[in-house]
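> Mind looking at a prediction? Sequence and model below.
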Amino acid sequence: MTTASNARATETPKKRGVMLALVALAIGVLTFLALRSPVVTVGAVSKVTIAVPMQVSSALMHVAAGQGLFLKAGVDVVGQPFELGKDALKSMIDGKSDLAVVADTPFMFALLGGADIAMLAGISKGRRSLAIVARPERGINQIQDLRGKSVGVIMGTNQTYFLDAMLQVHGVPSNQVKLVDLRADTAVSAFKEGRIDATVVYQPFLARLEAEMGDRIKVFRGDDVYAFRFMLVGKPSYIDSHPEEVRRVLSALIAANQAILANPAEARRTVGHAAKIDDATMAKLFEPEDYAVSLDQAMLLALDDQTRWAMAKGLVTPGPVPNYLNAMKYQHLDAVLPTAVTIVH
């Protein structure tokens, strides 16, 4: 006679056999599907090409790339190097890069010229990044002495606005100064060779001129007149269709900001390596507090001021000042670091 205990003993091996068969079947189905389906890594995103001016003001980009912070944030960034921000911006507008780093003035010119672009975040703001360098031997000992003198600038950049702002503050009509359109390196050589009386320079050219020429030059800084801003921009179509990539890029730049504050010396060396500037020069010009990811009201006001200036100078078609808030994709930075967005929206 079969007892209850004998029945359970007989059923147990049968149940185990059925369960093993089901497990084997499930493994087989999963293996079959894995072989037929492409491998997808959780959280993986496509590459992002960013056009970057190889300047100190791009420090957050340099640190994020040099210290592997982009990869840690889960985004594969390909840097596209340029000398100037306006060239980086053109690359992005022409579809050769996904995003670009550029100063506020070229951004303003491009937007007023009809370019479909938007701002994601400011990444630096320096008040000692630009200066006018002049020759005392030419009778230039103060800004007012620039009347009738030749000054080298890179047209279409923030240098022209900076120069006009400095002249205005010191009561010098801009039409009394002769502007000479030059690239950064040729402006420095023209100044050193005496072919122009003064020039507007950015770092590291300024630090190098000060080290080389000493008291043979006069340096006019505009700490209280102008803030040199770099920003991350892109086409709205790209930004809207790649929100995850955009936010990971912003996260990496925020991490770079933290890395600069935590270890300024290491960050300085990383930036110097990327921009090909020796560490002794970097030590003189690197200001950790200049670098932060933000969207603030001051940026909107600066764009408004520059627009009115450009219209008054006849550099753009006169008309109402656009609402630059409409050209800000602040939602992405707000999602990553809400405290960094202080614009009124």
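Looks like it came in fine.

> Show me the residue at the heart of this protein, geometrically.
residue 101 (3.7 Å; C-alpha atoms, centre = their mean).

> which residues touch that residue?
Applying C-beta atoms under 8 Å, 6 or more residues apart in numbering to residue 101 gives the contacts 50-53, 58, 61, 85, 88, 123, 230-233. All C-beta spots, glycine's among them, are computed from the backbone N, C-alpha and C.

> hang on, it is in a strand, isn't it?
Yes: counting by DSSP: H, G, I helix; E, B strand; the rest coil, residue 101 is found in a strand.

> Leaving out sequence neighbours, find the closest residue to it.
residue 52 (5.0 Å; C-beta to C-beta, 6 or more residues apart in numbering).

> Helix, strand, or coil at that neighbour?
Following three-state DSSP, we place residue 52 in the strand state.

> now swap in residue 132 and tell me
Assigned with three-state DSSP, residue 132 falls in the strand class.

> before we move on, the earlier item: the residue nearest to the centre of the chain pairs with what?
Under the criterion DSSP bridges, residue 101 forms beta bridges with residue 232.

> is the residue nearest to residue 101 in a bridge, and if so with what?
According to DSSP bridges, the residues that bridge with residue 52 are residue 81.

> Around it, how many other residues sit close by?
When neighbours are counted by other C-beta atoms under 10 Å, residue 52 registers 26.

> ok, it - contacts?
The neighbourhood of residue 52, defined by C-beta under 8 Å, 6+ apart, consists of 58, 61-62, 79-82, 88, 100-101.

> Tell me the one of those nearest residue 194?
If you rank the contacts of residue 52 by distance to residue 194 using C-beta to C-beta, residue 82 comes first, at 29.4 Å.

> Nearest residue to that closest one in space, please, no chain neighbours.
Counting by C-beta to C-beta, 6+ apart, residue 88 is the residue found nearest to residue 82 once chain neighbours are left out, at 4.4 Å.

> thinking again about what came up before, filter the contacts of residue 52 to the buried ones?
Among those, those buried by neighbour count (16 or more other C-beta atoms under 10 Å) are 58, 61-62, 79-80, 82, 88, 100-101.

> how about the helices in the stretch 101-250 of the chain?
For the stretch 101-250 of the chain, the helices identified by DSSP state H, counting those that start in this stretch occupy 104-112, 158-169, 184-192, 205-213, 236-241, 243-262, in order along the chain.

> what about the nearest residue to residue 284 once chain neighbours are set aside, neighbour count?
In this structure, residue 284 finds its nearest non-sequential neighbour in residue 207, 5.1 Å apart by C-beta to C-beta, 6+ apart. Neighbours of residue 207 under the rule other C-beta under 10 Å: 19.

> Kindly provide the distance from residue 207 to residue 200.
Residue 207 sits 15 Å away from residue 200, going by C-beta to C-beta, to the nearest Å.

> just to revisit the earlier point, now the residue nearest to residue 82: how far from residue 53?
5 Å.

> got it, and residue 170?
Taken as C-beta to C-beta, the spacing of residue 170 relative to residue 53 amounts to 29 Å.

> With neighbour numbers in mind, choose between these two.
Between residue 170 and residue 53, counted using other C-beta under 10 Å, residue 53 has the larger neighbour count: 24 against 14.

> any idea what sits nearest the more buried one, other than its immediate chain neighbours?
Nearest residue to residue 53, sequence neighbours excluded (C-beta to C-beta, 6+ apart): residue 85, at 4.5 Å.

> Kindly report the same for residue 267.
Spatial nearest neighbour of residue 267, chain neighbours left out: residue 260 (4.2 Å); criterion: C-beta to C-beta, 6+ apart.

> thought that neighbour was touching residue 291?
Yes: with contacts defined as C-beta atoms under 8 Å, residue 260 counts as touching residue 291 at a distance of 5.6 Å.

> shared neighbours of these two, which are they?
Residues touching both residue 260 and residue 291 by C-beta under 8 Å, 6+ apart: 59-60.

> Going by neighbour count, list what's buried in stretch 283-300.
285-288, 290-295, 299-300.

> Hmm, I typed the wrong one, I wanted stretch 160-173.
Residues of stretch 160-173 classed as buried under the neighbour-count rule (16+ other C-beta under 10 Å) are 160-167, 172.

> just stretch 141-152 next, same as before
By neighbour count, and taking 16+ other C-beta under 10 Å as the criterion, the buried residues in stretch 141-152 are 143, 145-146, 149-152.

> do the same with stretch 313-333
Residues of stretch 313-333 classed as buried under the neighbour-count rule (16+ other C-beta under 10 Å) are 315-316, 324, 327-333.

> okay, how far is it across it, tip to tip?
One end of stretch 313-333 to the other measures 34 Å (C-alpha to C-alpha, to the nearest Å).
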